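> sharing a model prediction with you, sequence too.
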Amino acid sequence: MFGKLIIRLAVIIFIMAFAGMAQAQDNVQNYFNDTASKVKATADPLQKRAILNESFEGMSKALNAVQNSPLISKDDQAGIENIKVTLQEKQDELAGLNGFERVPDAQLNGFADYVVQDMEQATQTVTISLVALLLIIIIVILIA
């Protein structure tokens with residue numbers, strides 16, 4: 001009887017952790033979806049660039065804070081570093097730095113959509129624990 005209870009609790013905890021991780025990934029994706037929506041709602045290319053840049057900087061700050069947290073494992077730190085590299089590449093591409101060609105003004109809406117898709121793939125292919133994802137979301141909310 002006690003063994004069955006332990007197994008049931010373990011299954012419930014696993015399911016809840018998986019659901020929590022999916023929700024945290026959705027929140028990261030929603031952050032970039034909101035950015036893309038703001039970019040598309042703005043007509044001025046300078047404002048579009050500013051919105052994208054602020055979004056990149058906000059997520060970078062959150063990733064840095066989480067990566068330096070003592071609650072984060074070495075594996076999570078490596079996964080966060082991979083996401084930071086991807087994010088920095090997008091920021092460099094936006095500004096035309098480090099060998100990237102600057103995104104033309106007429107393509108900023110498309111670039112915003114590209115960033116959403118690429119960051120969705122990055123957060124899905126990089127293994128980050130639920131704790132790390134939740135910390136990222138909390139810090140992004142506090143920064144914004």
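In hand now; what should we look at? Residues are numbered from 1 along each chain as shown.

> pretty sure Gln29 sits against Gln121.
No. Contact between Gln29 and Gln121 fails when scored by CB atoms under 8 Å: they sit 10.2 Å apart. Every C-beta, even on glycine, is put in place using the N, C-alpha and C of the backbone.

> more crowded one of those two?
Gln29 (16 against 11; other CB atoms under 10 Å).

> how near is the more buried one to Pro70?
In this view, Gln29 and Pro70 are 27 Å apart by CB to CB, to the nearest Å.

> pLDDT at Pro70, what is it?
Per-residue pLDDT puts Pro70 at 78.

> neighbours of it, how many?
By other CB under 10 Å, 4 other residues sit near Pro70.

> before we move on, what SS does it have?
coil (DSSP: H, G, I helix; E, B strand; the rest coil).

> phi, psi for it please.
Here is the backbone geometry of Pro70 (degrees, to the nearest 10): phi -70, psi -10.

> tell me where the model's unsure across this structure.
Judged by pLDDT under 70, the chain has its weakly predicted residues at 1-28, 122-144.

> can you map out the helices along it?
With helices called from DSSP state H, the chain shows them at 2-41, 45-67, 74-95, 108-125, 130-143.

> just want the angle from the second one to helix 74-95.
In terms of direction (axes from the mean of the first three to the mean of the last three CA atoms, to 10 degrees), helix 45-67 departs from helix 74-95 by 170 degrees.

> and what of the fourth one?
If you take the same axes, to 10 degrees, helix 108-125 sits at 170 degrees to helix 74-95.

> buried residues, stretch 64-83. List them.
Using 16 or more other CB atoms under 10 Å as the test for burial, stretch 64-83 gives Ala65, Val66, Gln67, Ile72, Asp76, Gly79, Ile80, Ile83.

> hmm, which two among the residues you listed are most spread apart?
Farthest apart among those by CB to CB are Ala65 and Gly79. That separation is 15.2 Å.

> please report how far Glu54 lies from Gln117.
Glu54 sits 20 Å away from Gln117, going by CB to CB.

> could you do Gly99 as well?
From Gly99 over to Gln117 the distance is 22 Å, taken as CB to CB.
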